[in-house]
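J.: quick one, fold the following:
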Amino acid sequence: MTNDIPWRMMDANLNRVAEGLRVIEDIWRFQRENGEICAVARSLRHRIRTAFSPYFQELLAARDSNNDLGLMISRTQVVVEKKFTSDLVWANLKRAEEGLRVLEESAHLLAERELAKETESLRFAVYDLETRIGQAIIALEVNPMKEYSNLRPRSKVSNLPPGIYALTSEIHSLGRSNIEVAGEILAAGIPILQYREKGKKIREMYEECQILRALTQQHGALFIINDHLDLALTVGADGVHIGQDDLPLSKVRELVGPDLMIGISTHSPAQAWAAVSGGADYIGVGPLFETDTKIDVCHPVGLDYLDYIVKNLDIPFVAIGGIKEHNLEEVLKTGARTVALVTEIVGNPDIAGKIKRLQRIMETQS
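T.: Numbers count the residues shown, from 1 in each chain. Below is the predicted model of the structure:
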């Protein structure tokens, strides 16, 4: 049984957790001067060391730093550049959370149920610390993440109206054009339309967006363009929506100016807090469920992430990803007020009828 215990792995992760928490502790002690966060990080660091202290001899005996494969691998890999102190904070929080998961699973191999429970408790305490750090960033009038101090403020159009946030997808529109589908959507009273097309030439998209801009203005709806800053600026859209792999938020704001609304897709609390800190006007929260609308979509984040956003962030958001008539009520009960639907609307032969049913569900939950 002793040979089955991964002592070296446990030793490495114990150090990883303690070191990650120490980085956070010192940043909030010496640079941010926030005693509360500093004290929490220190307390967690001592708790994890104390929890595994009965195994100090076994862990130390298993250590073999000079022959660690990880050291050789890291020497050959490109180092991820961290430009801001905040990058260190988020990276070390993740480091601590991941290390605690390894230690929790390892504790089961020791048949130490109480140790596994304590490690699980510590992991959730680090999640809570992540939330506190994010709240500290937002709560202060002067942003303690000084690296973001040069960013422009949020745009003048920073309120995301409640209701359905519709997106175009001509490939799913049953042979109908984006213009035809958008006309039906807007006539049904949808307050937001996002133009999202991945396979068309820029000239064709420009011509469509000119018409859609006129239609949205006619119906008093916001017009958002996905990815293409040039299109958004050229046709006078209300905003642009970007993803995690697009240009950095700060660069987008620099290019589009203070008056264009910027939304950004997020899939984790760290991404959400970074979006808030960076001055996004709203965030996308998802994908909540499985979806085949996008080819490169990440795995579903589930309603737990939506619940986290509702309880911890004060920024407009749109819930998105695999939302249908049958699960809309569940999404609304979790706290969403603006909800994006794509194929459920554009892929329906009776767009007006479908929207009416969706709006009825939203009204009962408002």
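
J.: how about the closest residue to Arg101 other than its chain neighbours, what does it touch?
T.: Nearest non-adjacent residue to Arg101, counting by Cβ to Cβ, 6 or more residues apart in numbering: Arg123, 6.2 Å away. For glycine as for every other residue, the C-beta is placed from the backbone atoms N, C-alpha and C. Arg123 sits next to 97, 100-101, 104 when contact means Cβ atoms under 8 Å, 6 or more residues apart in numbering.

J.: can you read off the pLDDT for Arg123?
T.: Arg123 carries a pLDDT value of 91.

J.: contacting residues around the residue nearest to Val346 when sequence neighbours are not counted?
T.: In space, and not counting its chain neighbours, Val346 is closest to Ser173: 4.6 Å by Cβ to Cβ, 6+ apart. When contacts are counted by Cβ under 8 Å, 6+ apart, Ser173 touches 180-181, 346-347.

J.: do the same with Arg132
T.: Contacts for Arg132 were tallied using Cβ under 8 Å, 6+ apart; they are 36-37, 40.

J.: quick one on the thing from earlier: can I have the buried ones of the contacts of Ser173 as a ChimeraX selection?
T.: Applying 16 or more other Cβ atoms under 10 Å to these leaves a buried subset, and the ChimeraX line that selects it is:
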select :181,346,347
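
J.: closest one to Leu110 out of the contacts of Ser173, please.
T.: Nearest to Leu110 out of these is Gly347 (Cβ to Cβ; 52.4 Å).

J.: against Glu204, how distant is that closest one?
T.: Look at Gly347 and Glu204: by Cβ to Cβ, to the nearest Å, they are 21 Å apart.

J.: quick one: end-to-end length of stretch 282-299, please.
T.: 21 Å (Cα to Cα, to the nearest Å).

J.: may I see the buried residues of it?
T.: Across stretch 282-299, burial judged by 16+ other Cβ under 10 Å covers 282-289, 291, 293, 297.

J.: cool, stretch 212-219 as well?
T.: Neighbour-count burial for stretch 212-219 flags 212-213, 215-216, 219 (criterion: 16+ other Cβ under 10 Å).

J.: what residues does it touch?
T.: 168, 178-179, 182-183, 186-187, 189, 193, 195, 222-223, 235-238.

J.: confirm for me that Leu328 is in contact with Met362.
T.: Yes - the pair Leu328 / Met362 is scored as a contact, 7.4 Å apart, by Cβ atoms under 8 Å.
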